[in-house]
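# Fold the following for me, if possible:
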Amino acid sequence: MADAKRIEIVGGNTRNETVQLGNHEDTDTVYGGAFLVNCEVNFCGTNFEIVDANFLNCRINAKVPIENVQFLESVFERSSISGRFVGCSFGFRRGVSKSPNAYYRNCDFSSAILDHCLFFTGDTETVTWPGWPNITILNPRQNEREFASAVFPANLNSLHETIDNALKVGTAGGVDELLALTIDLGRDVENLKPAEVSVVQNVFAQKSCIRF
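This next block holds a predicted model:
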């Protein structure tokens, strides 16, 4: 049963606290330029809204899958993120983000599962991306041709289809500031033999735009 007492953080500085979001009857909100510094932030449910917030040196844990949440108004810096995120977006997106400060820098997603997540304007070079079977395609719009040249064995062509479909969604509308697209290939490769996994990884390793 959800806790009836909601969380509301409006502006100001919240330091060294554990913040539980999403599992209350009323929507939990973090907004108004709020700064959360050195906090543990747990998404325990999906009933939350985050607008114009700053997460600095935080540990952010998705205790439940977080789907289609657009973190396009917030800053994530020097923070670690874990748990499953599906269809979520980070960074500043022109024409969508209302806060010009939306950004991410020096963040560690290595303990997260990111499926069909989009990373707009931010510092991708300082991000630690999830490992296999997650892959990250950098600058996907500009590198569509490079990935299209990837050749898989005939019995693994479904991987190409999975990634092609994700690229179509991620690059729809010609978004120039889309800097990275992440895809979870767990279901695609779970039944592969070790030798087949090695073949797939070798194909990806030859592409400079792919991280895993």
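# give the contact list for Val30.
With contacts taken as C-beta atoms under 8 Å, 6 or more residues apart in numbering, Val30 has the following neighbours: Ile7, Ile9, Val19, Leu21, Leu36, Phe48, Glu49, Ile50, Val51, Ala53. To be clear about C-beta, it is placed using only N, CA and C from the backbone, and glycine gets the same treatment.
# Figure out how far the helix or strand hosting Leu159 is from the centre of its chain.
Per DSSP states H and E, Leu159 falls inside helix 157-170. In terms of C-alpha atoms, centre = their mean, to the nearest Å, the centre of helix 157-170 is set 17 Å apart from its chain centre.
# quick one: buried residues of it?
Leu159, Thr162, Ile163, Ala166, Leu167, Gly170 (16 or more other C-beta atoms under 10 Å).
# what about that helix, average pLDDT?
Taken as a whole, helix 157-170 carries a mean pLDDT of 78.
# packing partners for it?
Helices and strands touching helix 157-170, by 3 or more C-beta pairs under 8 Å, 6 or more residues apart in numbering; DSSP states H and E, are strand 134-138, helix 144-148, strand 180-184, helix 186-189.
# Could you check the angle that helix makes with strand 180-184?
Compare the direction of helix 157-170 with that of strand 180-184 by axes from the mean of the first three to the mean of the last three C-alpha atoms, to 10 degrees and you get 140 degrees.
# can you list contacts of helix 157-170?
Taking C-beta under 8 Å, 6+ apart as the criterion, the residues outside helix 157-170 that touch it are 116, 118, 135, 137, 140, 144, 147-148, 150, 152, 178, 181, 183, 185, 188-189, 200.
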